[in-house]
Structure formats: structure tokens, C-alpha cells
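model this:
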Amino acid sequence: MAKTRAIVKRRKAVRNIRKITRTMELIATARFKKALDRAVSADAFTRKISELVTDLASGPAAASHPLLQPRENPKKAILLTLNSNRGLCGGYNANVLRLARKTLQEATIPTDLETSGKRGAAFFRFQGVAPTKSYVHFEDKPTFAEVDELASRYLAMFLKGEIDRLDVVYTRFLSISRQVAEVVTLLPMSAPVPAGEGGKPTGKQAEYEFIPSAEDILDELVPTSFKVRLFKFFLDAAVSEQISRMIAMKGATENAGDLIKDLTQKYNRARQSQITSEIAEIIGAVEALS
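Numbers count the residues shown, from 1 in each chain. Model prediction:
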């Protein structure tokens, strides 16, 4: 009797856990769809402004722009990691943190660590590396205003010479089945070359007439491109976090269902054994009385 009661109690606990993981899966699915819509909406603008910067950066006007010129003797860098505030999202945080730790270990110049998300800050504190700044207000719906404030700070530090490079470690969203953790150098900027079919450069460059001048346009376009690309990184990170949590909770729900089936089988066998034992005792008692 005690064995069957323990199995029933455990099966009830697993069922409660399955309800929770199923609910979290549905919530993550809804948040993923919203985050994906926001990322897709920003993708076209990000790609187009990157193409414009690519075209303008190949001209003579870019030779004097401070955001496009690499520093000859870099002395200071910042590494920004994009993580989540909550867990239960599979290997999402682990992949980013593993790459960030490797980047810090291989850094050739002094590098300050800045983290976005409680998980990243907690991990590096446990590793004995205290982040210089930690941001926890970026949730699964980052706004451009929030990212703009952070981007403006980095631009000001770079132009003043306080930092010579800015690297960002985040999870790039490629498809529903593929998200890749990667490190990207945002400052100094190096605009990506627009790719044609097969991922190869098109080799085509648009011709522009600059009014009032190419320098004035670059002064507006390059900082905007930097802010938009950083914002796209936050959007990709939000999408990747939600899909990782959705997959993790779906797996947990399925595992809980399998465990419930296994416990049900164990309960049935234990109950059958108990009933057989009771019948044997009754028969034995009847024979003793007769």
C-alpha cells in the first residue's frame, strides 16, 4: 500500500509540472511570434541602411569619418554580451557565455565587460569577472529608445577616444531551427557588403548625387546605421531566447508525459501485485476456517 501511495503522489507532482511547462511553452510561443514580427519588420530597414553605408564607405568621403576608420594602436575595448533575465531556455545563455568567455581570454588589449541580462552578470561574477556595467531592463520587447541611449553612450566614448573597439556577443536568428551565437565588432564600423545569389558580393555599386554633401550625409547615416544594427542584435537575441525557451519547455512537457506513462505502468503492476496478495490471504483464511 505504501508503494502505491508513493507512486500516486509522484505521478500527481509530475502532472502538475507538466501543466506548468505546457503553459510556459504556450507563453513562449506567443512571445516568439511577436518578437519574430518585430525582428522581420526591422530587417529590411537594417539591410538597406547597411547597403547605403557600404556604397558610401567605398568613396573618398569615408576616408575622414572617425567611425569608419580602425585605430592603429587600440588600447581599450568593450565586450557587450546579450543574455536573458530568466532561465529555462535550453542552451541559449550557455552558448553566448561560452563564446564571450573565450573572447575575453583571447583579448590582446584591456577589455571591459558589460552584460545585458541577469544570467550573464551572474555567470561572470561566479567566474570571478565583475562586469563594469550590467543592464537588466532589456526584456523580450526591447525598444529603440532604450537601445539608442546605450548606443549613444558607446558612440560618445569611441569619438572621445575612451574606447577603441566595441564587440557584441549575441545569438543571431537565422531560422526557426537555427540560431548561432557569434561575436561582431561594431566599432569601428565595417559595413557588410550586399550579397547576391549564393551569398557572393554583387559587385554593383549605386551612383549617388549628394545634396548637400557626402560628408554631411555620412555624419547622419553612419551613427544611425550603428544604432540600427545594435537594435537588430537585441531583436535577434529576443527571438532566439523565446524560441529556445519554447523548444525547451516542449521537450520538458513531452518528457513529463513519458514519465507519467511509466509511473502509471508501475502503479498498475504494484496494484495488481497487491490485489493478488490480498486474494491469496483471503483464500488462505477460508481454507484455515474450513
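
where are the low-confidence patches of the stretch 151-290 of the chain?
Applying pLDDT under 70 to the stretch 151-290 of the chain flags residues 190-214.

Spell out, range by range, the strands that occur in it.
With DSSP state E, counting those that start in this stretch as the criterion, the stretch 151-290 of the chain has strands at 165-175, 178-187.

Would you reformat the ones you listed as JSON lines and include distance to residue 113 and mean neighbour count?
In short, each C-beta sits where N, CA and C put it, glycine included. Converted to JSON lines, these look like this (distance: least, CB to CB, whole Å; neighbours: other CB atoms under 10 Å):
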{"stretch": "strand 165-175", "distance to residue 113": "10", "mean neighbour count": "20"}
{"stretch": "strand 178-187", "distance to residue 113": "13", "mean neighbour count": "17"}
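
a markdown table for these, including distance to residue 110?
As requested, the strands of the stretch 151-290 of the chain are arranged in a markdown table below (distance: least, CB to CB, whole Å):
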| stretch | distance to residue 110 |
| --- | --- |
| strand 165-175 | 11 |
| strand 178-187 | 16 |
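
Tell me which of those sits nearest to residue 225.
For residue 225, the closest of these is strand 178-187, at 10.0 Å, according to CB to CB.

Neighbouring strands of the closest one in the sheet, and parallel or not?
strand 165-175 (antiparallel) (DSSP bridges).

now the end-to-end length of stretch 160-169.
Chord length of stretch 160-169, first to last residue, is 24 Å (CA to CA, to the nearest Å).

And for that stretch, what's in contact with it?
71, 74-82, 96, 99-100, 103, 109, 111-112, 154, 157-158, 181-188, 230, 233 (CB atoms under 8 Å, 6 or more residues apart in numbering).

Now with 6 Å, please.
71, 74-81, 96, 99-100, 154, 157, 183-187, 233 (CB atoms under 6 Å, 6 or more residues apart in numbering).

Buried ones from the residues you listed, can you make that a ChimeraX selection?
Command for ChimeraX that selects the buried part of the contacts of stretch 160-169, burial taken from 16 or more other CB atoms under 10 Å:
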select :71,77,78,79,80,81,96,99,100,154,157,183,186,187,233
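
Point out the ones among the contacts of stretch 160-169 that are inside helices.
96, 99-100, 154, 157, 233 (DSSP state H).

Just send those back as CSV, with distance to residue 51 too.
CSV is the format used below for the ones in helices among the contacts of stretch 160-169 (distance: CB to CB, whole Å):
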residue, distance to residue 51
96, 28
99, 28
100, 29
154, 23
157, 27
233, 18
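
didn't residue 49 look like it was pressed against residue 226?
No: if you go by CB atoms under 6 Å, residue 49 and residue 226 don't touch, sitting 9.9 Å apart.

who has more neighbours, these two?
Set residue 49 next to residue 226 and count neighbours by other CB atoms under 10 Å: residue 226 wins out with 24 against 19.

re earlier: mind checking the strands of the stretch 151-290 of the chain for the one nearest to residue 6?
Using CB to CB, the strands of the stretch 151-290 of the chain put strand 178-187 closest to residue 6, at 41.0 Å.

ok, residues contacting that closest one?
95-96, 99, 103, 158, 166-169, 171-173, 240.

nearest to residue 45, of the ones in helices among the contacts of stretch 160-169?
Nearest member of the ones in helices among the contacts of stretch 160-169 to residue 45, counting by CB to CB, is residue 233, at 14.3 Å.

quick one, what contacts the closest residue to that closest one other than its chain neighbours?
In space, and not counting its chain neighbours, residue 233 is closest to residue 170: 4.7 Å by CB to CB, 6 or more residues apart in numbering. Applying CB under 6 Å, 6+ apart to residue 170 gives the contacts 82, 233, 237.

switch the cut-off to 8 Å
Residue 170 neighbours (CB under 8 Å, 6+ apart): 81-82, 96, 181-182, 184, 233-234, 236-237.

For residue 41, state which of the contacts of strand 178-187 is nearest.
Nearest to residue 41, judged by CB to CB, of these is residue 173 at 13.4 Å.

measure that closest one to residue 189 for me?
Shown here: residue 173 relative to residue 189, a distance of 22 Å by CB to CB, to the nearest Å.

And for residue 120, the neighbour number?
Neighbour tally, residue 120, other CB under 10 Å: 27.

Now it: closest residue in space, sequence neighbours ignored.
residue 83 (3.6 Å).
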